[in-house]
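Engineer: Model the structure of this input:
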Amino acid sequence: MTKSTIIAPSLLAADFSRVAEDIKSVEAAGADWLHMDVMDGHFVDNISFGPTFVKAAFQVATVPLDVHLMVERPDHFFPRFTPFARVITVHVEAKHDVKKTLHAIRAERIMAGLAISPPTPFEAVEPYLDQIDLLLVMTVNPGFGGQSFMPETLDKMRRAAEIRARRGLSFFIEVDGGIYPNTAAQCREAGANAFVAGTALFGAPDRKAMVETLRKSHV
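Structural biologist: Residues are numbered from 1 along each chain as shown. Presented below is the predicted three-dimensional model:
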(Lines give C-alpha, C1' and ligand atoms only; values in the text may rest on other atoms or scores of the structure.)
Protein backbone atom coordinates (compact mmCIF):
# COMPACT_ATOMS: atom_id res chain seq x y z
CA MET A 1 0.00 0.00 0.00
CA THR A 2 3.02 2.28 -0.07
CA LYS A 3 3.19 2.83 -3.85
CA SER A 4 3.16 6.50 -4.78
CA THR A 5 0.72 5.89 -7.68
CA ILE A 6 -2.12 3.37 -7.57
CA ILE A 7 -3.92 2.04 -10.64
CA ALA A 8 -7.25 0.41 -9.78
CA PRO A 9 -9.22 -1.14 -12.65
CA SER A 10 -12.96 -0.94 -12.07
CA LEU A 11 -14.56 -4.36 -12.42
CA LEU A 12 -17.82 -2.66 -13.35
CA ALA A 13 -16.32 -2.42 -16.86
CA ALA A 14 -15.20 -6.07 -17.00
CA ASP A 15 -16.93 -8.79 -18.98
CA PHE A 16 -19.04 -10.47 -16.30
CA SER A 17 -19.19 -13.67 -18.34
CA ARG A 18 -15.42 -14.03 -17.95
CA VAL A 19 -14.66 -11.91 -14.91
CA ALA A 20 -12.00 -14.27 -13.51
CA GLU A 21 -10.04 -14.04 -16.75
CA ASP A 22 -10.40 -10.24 -16.77
CA ILE A 23 -9.11 -10.04 -13.19
CA LYS A 24 -6.04 -12.09 -14.09
CA SER A 25 -5.53 -9.98 -17.20
CA VAL A 26 -5.43 -6.63 -15.41
CA GLU A 27 -3.29 -8.08 -12.63
CA ALA A 28 -0.80 -9.26 -15.25
CA ALA A 29 -0.97 -5.76 -16.75
CA GLY A 30 0.25 -4.29 -13.46
CA ALA A 31 -2.89 -3.26 -11.58
CA ASP A 32 -2.29 -2.36 -7.93
CA TRP A 33 -5.86 -2.69 -6.61
CA LEU A 34 -9.19 -3.89 -8.01
CA HIS A 35 -11.98 -1.34 -7.66
CA MET A 36 -15.40 -2.76 -6.78
CA ASP A 37 -18.40 -0.47 -7.38
CA VAL A 38 -21.24 -1.69 -5.15
CA MET A 39 -24.54 -0.02 -6.04
CA ASP A 40 -27.85 -0.57 -4.27
CA GLY A 41 -30.43 1.04 -6.56
CA HIS A 42 -31.29 3.58 -3.84
CA PHE A 43 -28.28 5.81 -3.29
CA VAL A 44 -27.65 5.63 -7.05
CA ASP A 45 -30.08 4.68 -9.78
CA ASN A 46 -28.35 1.43 -10.68
CA ILE A 47 -27.74 -2.01 -9.18
CA SER A 48 -24.36 -3.65 -9.71
CA PHE A 49 -23.30 -6.44 -7.37
CA GLY A 50 -22.97 -7.31 -3.70
CA PRO A 51 -20.91 -9.29 -1.20
CA THR A 52 -21.15 -12.60 -3.07
CA PHE A 53 -19.57 -11.13 -6.19
CA VAL A 54 -16.90 -9.35 -4.14
CA LYS A 55 -16.11 -12.61 -2.35
CA ALA A 56 -15.74 -14.37 -5.72
CA ALA A 57 -13.35 -11.66 -6.92
CA PHE A 58 -11.40 -11.96 -3.68
CA GLN A 59 -10.96 -15.69 -4.25
CA VAL A 60 -9.48 -15.03 -7.70
CA ALA A 61 -7.50 -11.83 -7.12
CA THR A 62 -3.99 -11.49 -5.73
CA VAL A 63 -4.12 -7.68 -5.41
CA PRO A 64 -6.15 -5.82 -2.74
CA LEU A 65 -9.83 -5.08 -3.27
CA ASP A 66 -10.87 -1.42 -3.16
CA VAL A 67 -14.59 -1.55 -2.32
CA HIS A 68 -16.63 1.56 -3.10
CA LEU A 69 -20.04 1.48 -1.43
CA MET A 70 -22.54 3.55 -3.38
CA VAL A 71 -25.28 2.53 -0.97
CA GLU A 72 -27.78 4.42 1.15
CA ARG A 73 -26.74 2.81 4.47
CA PRO A 74 -23.00 2.04 4.34
CA ASP A 75 -22.86 1.72 8.13
CA HIS A 76 -25.26 -1.23 7.88
CA PHE A 77 -23.69 -2.94 4.87
CA PHE A 78 -19.92 -2.45 5.19
CA PRO A 79 -19.38 -5.39 7.61
CA ARG A 80 -20.47 -7.77 4.85
CA PHE A 81 -17.40 -6.71 2.86
CA THR A 82 -14.76 -6.60 5.59
CA PRO A 83 -13.55 -10.20 5.07
CA PHE A 84 -12.57 -9.35 1.48
CA ALA A 85 -11.69 -5.65 1.31
CA ARG A 86 -8.44 -3.83 1.97
CA VAL A 87 -10.14 -0.48 1.40
CA ILE A 88 -13.80 0.38 2.03
CA THR A 89 -15.04 3.75 0.83
CA VAL A 90 -18.36 5.26 1.88
CA HIS A 91 -20.09 8.40 0.65
CA VAL A 92 -20.33 11.54 2.71
CA GLU A 93 -23.82 12.07 1.20
CA ALA A 94 -25.21 8.70 2.40
CA LYS A 95 -27.51 8.23 5.40
CA HIS A 96 -25.13 7.47 8.26
CA ASP A 97 -22.96 9.00 10.97
CA VAL A 98 -19.85 9.53 8.87
CA LYS A 99 -17.43 9.76 11.78
CA LYS A 100 -18.75 6.58 13.40
CA THR A 101 -18.68 4.64 10.13
CA LEU A 102 -15.08 5.64 9.37
CA HIS A 103 -14.03 4.70 12.89
CA ALA A 104 -15.78 1.33 12.63
CA ILE A 105 -14.09 0.54 9.31
CA ARG A 106 -10.66 1.39 10.71
CA ALA A 107 -11.40 -0.70 13.80
CA GLU A 108 -11.50 -3.70 11.44
CA ARG A 109 -7.93 -2.85 10.32
CA ILE A 110 -9.23 -1.82 6.92
CA MET A 111 -8.39 1.42 5.15
CA ALA A 112 -11.29 3.86 5.42
CA GLY A 113 -12.21 5.91 2.39
CA LEU A 114 -14.63 8.79 2.05
CA ALA A 115 -16.20 9.67 -1.32
CA ILE A 116 -17.62 12.97 -2.51
CA SER A 117 -19.88 13.37 -5.54
CA PRO A 118 -19.56 16.28 -8.02
CA PRO A 119 -22.51 18.36 -6.75
CA THR A 120 -21.40 18.16 -3.11
CA PRO A 121 -19.31 21.07 -1.79
CA PHE A 122 -15.81 20.19 -0.62
CA GLU A 123 -16.65 21.49 2.87
CA ALA A 124 -18.72 18.34 3.43
CA VAL A 125 -15.58 16.15 3.63
CA GLU A 126 -13.17 18.66 5.12
CA PRO A 127 -13.94 17.79 8.79
CA TYR A 128 -13.03 14.13 8.20
CA LEU A 129 -9.72 14.43 6.34
CA ASP A 130 -7.68 13.50 9.41
CA GLN A 131 -9.84 10.38 9.92
CA ILE A 132 -9.45 8.75 6.51
CA ASP A 133 -6.92 6.79 4.49
CA LEU A 134 -8.39 7.74 1.13
CA LEU A 135 -10.50 10.53 -0.32
CA LEU A 136 -12.39 9.48 -3.44
CA VAL A 137 -13.22 12.47 -5.61
CA MET A 138 -15.90 11.32 -8.02
CA THR A 139 -15.17 12.90 -11.39
CA VAL A 140 -18.57 11.86 -12.78
CA ASN A 141 -21.95 11.52 -11.12
CA PRO A 142 -21.94 8.09 -9.43
CA GLY A 143 -24.04 5.23 -10.70
CA PHE A 144 -23.04 4.40 -14.26
CA GLY A 145 -19.77 3.72 -16.08
CA GLY A 146 -18.72 5.33 -19.35
CA GLN A 147 -19.48 8.97 -18.42
CA SER A 148 -17.35 11.94 -19.41
CA PHE A 149 -14.87 13.47 -16.97
CA MET A 150 -16.08 16.62 -15.18
CA PRO A 151 -13.17 19.10 -15.04
CA GLU A 152 -14.82 21.17 -12.31
CA THR A 153 -13.93 18.37 -9.86
CA LEU A 154 -10.22 19.21 -10.18
CA ASP A 155 -10.62 22.00 -7.64
CA LYS A 156 -11.62 19.47 -4.95
CA MET A 157 -8.41 17.53 -5.60
CA ARG A 158 -6.33 20.69 -5.32
CA ARG A 159 -7.97 21.67 -2.05
CA ALA A 160 -7.55 18.17 -0.62
CA ALA A 161 -3.89 18.08 -1.69
CA GLU A 162 -3.22 21.46 -0.10
CA ILE A 163 -4.75 20.36 3.21
CA ARG A 164 -2.94 17.02 3.04
CA ALA A 165 0.41 18.79 2.68
CA ARG A 166 -0.31 21.54 5.19
CA ARG A 167 -1.49 19.16 7.93
CA GLY A 168 1.08 16.45 7.22
CA LEU A 169 -1.59 13.90 6.35
CA SER A 170 -1.07 10.89 4.10
CA PHE A 171 -4.45 9.91 2.65
CA PHE A 172 -4.67 8.86 -0.99
CA ILE A 173 -6.59 11.14 -3.33
CA GLU A 174 -8.41 8.75 -5.62
CA VAL A 175 -10.33 9.73 -8.75
CA ASP A 176 -13.05 7.76 -10.49
CA GLY A 177 -14.98 8.50 -13.67
CA GLY A 178 -13.87 9.23 -17.22
CA ILE A 179 -10.24 8.49 -16.38
CA TYR A 180 -8.10 8.22 -19.51
CA PRO A 181 -4.44 9.24 -19.96
CA ASN A 182 -5.30 12.90 -20.60
CA THR A 183 -7.68 13.24 -17.65
CA ALA A 184 -5.42 11.19 -15.39
CA ALA A 185 -2.66 13.69 -16.15
CA GLN A 186 -4.89 16.59 -15.10
CA CYS A 187 -5.85 14.80 -11.90
CA ARG A 188 -2.23 13.97 -11.09
CA GLU A 189 -1.28 17.63 -11.48
CA ALA A 190 -4.13 18.50 -9.08
CA GLY A 191 -2.80 16.07 -6.45
CA ALA A 192 -4.44 12.71 -7.19
CA ASN A 193 -2.36 9.56 -6.71
CA ALA A 194 -4.90 6.74 -7.12
CA PHE A 195 -6.68 6.27 -10.43
CA VAL A 196 -9.78 4.16 -11.06
CA ALA A 197 -10.09 3.23 -14.73
CA GLY A 198 -12.90 1.19 -16.19
CA THR A 199 -13.67 1.58 -19.88
CA ALA A 200 -10.20 2.97 -20.65
CA LEU A 201 -8.48 -0.08 -19.24
CA PHE A 202 -10.81 -2.98 -20.00
CA GLY A 203 -11.38 -1.61 -23.50
CA ALA A 204 -7.68 -1.16 -24.25
CA PRO A 205 -6.12 -3.49 -26.83
CA ASP A 206 -2.96 -3.53 -24.70
CA ARG A 207 -3.89 -3.37 -21.04
CA LYS A 208 -0.32 -3.41 -19.79
CA ALA A 209 0.54 -0.40 -21.93
CA MET A 210 -2.55 1.41 -20.68
CA VAL A 211 -1.66 0.76 -17.02
CA GLU A 212 1.82 2.16 -17.61
CA THR A 213 0.46 5.15 -19.51
CA LEU A 214 -1.97 5.97 -16.71
CA ARG A 215 0.75 5.52 -14.12
CA LYS A 216 3.14 7.91 -15.84
CA SER A 217 0.70 10.39 -17.39
CA HIS A 218 1.64 14.03 -16.99
CA VAL A 219 0.19 17.28 -18.34
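Engineer: looking only at pLDDT, what's the mean for stretch 83-100?
Structural biologist: Stretch 83-100 carries an average pLDDT of 98.
Engineer: Show me what counts as buried in that stretch.
Structural biologist: If you call a residue buried by 16 or more other CB atoms under 10 Å, then stretch 83-100 has these buried ones: 84-94, 96, 98. From N, CA and C alone the C-beta is placed, and that goes for glycine too.
Engineer: Greatest separation within those: which pair is it?
Structural biologist: Phe84 and Glu93 (24.4 Å; CB to CB).
Engineer: thinking again about what came up before, can you tell me which of the buried residues of stretch 83-100 are in helices?
Structural biologist: Judged by DSSP state H, helices contain the following of the buried residues of stretch 83-100: Val98.
Engineer: Export the buried residues of stretch 83-100 as TSV, with columns for distance to Glu123.
Structural biologist: Converted to TSV, the buried residues of stretch 83-100 look like this (distance: CB to CB, whole Å):
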residue	distance to Glu123
Phe84	33
Ala85	28
Arg86	29
Val87	24
Ile88	23
Thr89	19
Val90	18
His91	15
Val92	10
Glu93	13
Ala94	17
His96	18
Val98	13
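Engineer: Tell me the one of the buried residues of stretch 83-100 nearest Met70?
Structural biologist: Comparing these against Met70 with CB to CB picks out His91 as the nearest, at 6.6 Å.
Engineer: was I right about Asp97 contacting His76?
Structural biologist: No. Using CB atoms under 8 Å, Asp97 makes no contact with His76, being 11.6 Å away.
Engineer: In this protein, which helix is the longest?
Structural biologist: Ranking each helix of the chain by length (DSSP H) puts helix 154-167 first.
Engineer: what packs against that helix?
Structural biologist: Helix 154-167 sits against strand 134-138, strand 172-176, helix 181-190, with contacts defined as 3 or more CB pairs under 8 Å, 6 or more residues apart in numbering; DSSP states H and E.
Engineer: Reformat the ones you listed as TSV; add mean pLDDT, distance to Ile6 and mean neighbour count.
Structural biologist: Shown next, in TSV, are these (pLDDT from 0 to 100; distance: least, CB to CB, whole Å; neighbours: other CB atoms under 10 Å):
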stretch	mean pLDDT	distance to Ile6	mean neighbour count
strand 134-138	98	9	26
strand 172-176	98	7	26
helix 181-190	97	12	20
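Engineer: So which of the ones you listed is nearest Ser25?
Structural biologist: Of these, the one closest to Ser25 (CB to CB) turns out to be helix 181-190, at 19.1 Å.
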